[in-house]
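**Q** pasting the sequence and the predicted model now:
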Amino acid sequence: MYDTVADMLKDGKKVILVHGNADMDAIGSAYAIARTFGNCEIYAPAGIDRVAKTVIDKMNIQILEDCDILEYDLVVAVDTSSPEQYRPKEIDVPAGSIVIDHHTPTGKWKDMVTLCDDSMTSCTEIVLRLIKHAGLKPDRDTALALVGGMITDGGHFQFANSTLLRDFADLMDEFDINMEEAFMLTRTEMSMSERVATMKCIERSKFDRVGDMIVATSMGGSFEASGCRALLSSGADVVFVASQREDTFRLSARTTQEMVKRGIHLGEILNGIGEETLTDGGGHNAAAGMTGTGDAEAMLHICMQRTMDEFRRIKKSMYPAE
């Protein structure tokens, strides 16, 4: 599939779509494809997150806020598990488009040329292999964008596996990238609004526990990922933070590596909830998200109950005699 996708990318005018509130992994993947294969534009139909915006400014990456995808010869969706992630805009991705992703497949991409490997920690790792299969070589800016995606989706290496670490080290060696430069690329200071939103997230939090395992939920107005990090730092093992925007919601979930070792997979939890509630949910074992139409507080309640069920299952497997 790598060779097929590489051949498709070599010709024609292309637009690369990134998911809503696009993170550094999405932007890094899109930028690497655009810069290496050429004749590409990057379209962010539903916004970009704080870290990615910082990198875009530092590297002068051009991002379209609006476009007609029918004007392009080929559409490429990166780091996106389903078309619902472009909401609130309705994007009709044509059949035969390319999907490059590293999340657990949701089955919501129909009639697409799909390059997906959910064993990869980041989408940029897949793009790096795609570039190599095409017989091309990234330049130094492209390499920086790729390592930026590896850093952020790897949780600053907290969730990295040996494959990511080897890819990261190879790019550092080839392009003389030191660790300080790599980390400075994605480093940002929290704004006052983010600090306030994070404090409110902690104030509004609810939690429950089974044995030594704690799950926490909270409603936030914005900065859901920052709220998740704050709740994890406060002592929770699994956290869900959601925000409501009129009739739509957005939810982020995070957990610790210890919980992953015990069997928690947030992507599977949210994907299952998404299928039952006709929303879009999924992701990785330690980080996942969900979007859709509905009540955010109701979704948080479902997440809490599902996680409590998982906690009971884990406790039973750890202490079968109890």
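**A** Nice, thanks for sending it over.
**Q** so Cys201 touches Gly227, yeah?
**A** Yes - using Cβ atoms under 8 Å, Cys201 is in contact with Gly227, at 3.4 Å. For the C-beta atoms, the positions are set from N, CA and C on the backbone; glycine is no exception.
**Q** show me the helices in the stretch 51-200 of the chain, by range?
**A** 123-133, 140-153, 162-175, 179-186, 192-203 (DSSP state H, counting those that start in this stretch).
**Q** buried set for the second one?
**A** Yep, that's helix 140-153 we're talking about. For helix 140-153, the neighbour count (16 or more other Cβ atoms under 10 Å) marks 142-153 as buried.
**Q** do the same with the last one
**A** Buried positions in helix 192-203, judged by neighbour count with 16+ other Cβ under 10 Å: 194, 197-198, 200-201.
**Q** looking at those, which gets the smallest pLDDT?
**A** Lowest pLDDT of the buried residues of helix 192-203: Glu194, 86.
**Q** how about that one: what's its closest non-neighbour residue?
**A** Residue nearest to Glu194 in three dimensions, not counting chain neighbours: Phe223, with 4.8 Å by Cβ to Cβ, 6 or more residues apart in numbering.
**Q** now the one you found: how far from Val241?
**A** The gap separating Phe223 from Val241 is 9 Å, by Cβ to Cβ, to the nearest Å.
**Q** please apply the same query to Phe183.
**A** Separation of Phe183 from Val241 (Cβ to Cβ): 25 Å.
**Q** ok, these two, which is more surrounded?
**A** Each of Phe183 and Val241 has its neighbours counted (other Cβ atoms under 10 Å); Val241 has more, 31 against 13.
**Q** surely the more buried one is in a strand?
**A** Yes - assessed by DSSP: H, G, I helix; E, B strand; the rest coil, Val241 belongs to a strand.
**Q** that one contacts Arg229, doesn't it?
**A** No - at 9.5 Å, Val241 and Arg229 do not qualify as touching, with contact defined as Cβ under 8 Å.
**Q** show me what contacts Asp237?
**A** 213-215, 255-256, 258-259 (Cβ atoms under 8 Å, 6 or more residues apart in numbering).
**Q** one more time with 7 Å, if that's ok
**A** 213-215, 255-256, 259 (Cβ atoms under 7 Å, 6 or more residues apart in numbering).
**Q** confidence score at Met190?
**A** With respect to pLDDT, Met190 has a value of 79.
**Q** residues near it, how many?
**A** As a burial measure, Met190 scores 13 neighbours (other Cβ under 10 Å).
**Q** and for Gly272?
**A** Gly272 has 14 neighbours, counted by other Cβ under 10 Å.
**Q** can I assume it sits in a helix?
**A** Yes - per three-state DSSP, Gly272 lies within a helix segment.
**Q** ignoring the adjacent residues along the chain, who's closest to it?
**A** Excluding its sequence neighbours, the residue lying closest to Gly272 (Cβ to Cβ, 6+ apart) is Arg306, at 7.4 Å.
**Q** can you check Pro105 too?
**A** Of all residues not flanking Pro105 in the chain, Cys116 sits nearest, at 5.8 Å (Cβ to Cβ, 6+ apart).
**Q** quick one: residues contacting the one you found.
**A** Neighbouring residues of Cys116 by Cβ under 7 Å, 6+ apart: 99, 101-102, 105.
**Q** that one pairs with what?
**A** Beta-bridge pairing of Cys116 under DSSP bridges involves Asp101.
**Q** what's the spacing between it and Val93?
**A** Cys116 sits 15 Å away from Val93, going by Cβ to Cβ.
**Q** repeat for Ser226
**A** Distance of Ser226 to Val93, computed by Cβ to Cβ: 30 Å.
**Q** still on that earlier bit, which one of the helices of the stretch 51-200 of the chain lies nearest to Asp111?
**A** Asp111 lies closest, by Cβ to Cβ, to one member of the helices of the stretch 51-200 of the chain: helix 123-133, at 20.6 Å.
**Q** ends of stretch 1-18, what's the gap?
**A** End-to-end distance for stretch 1-18: 21 Å, by Cα to Cα, to the nearest Å.
**Q** contacts for that stretch next, please.
**A** Here stretch 1-18 makes contact (Cβ under 7 Å, 6+ apart) with 26-27, 30, 33-34, 37, 39-45, 67, 69, 72-80, 86, 91, 98, 113, 115, 129-130, 133-134.
**Q** ok, now stretch 125-137?
**A** Here stretch 125-137 makes contact (Cβ under 7 Å, 6+ apart) with 2-3, 5-6, 10, 29, 32-33, 36, 100, 102, 115, 117, 120, 138, 146, 150, 163-164, 167.
**Q** hmm, try it at 6 Å
**A** Contact with stretch 125-137 is made by 2-3, 6, 29, 32, 36, 100, 102, 117, 120, 138, 146, 167, as judged by Cβ atoms under 6 Å, 6 or more residues apart in numbering.
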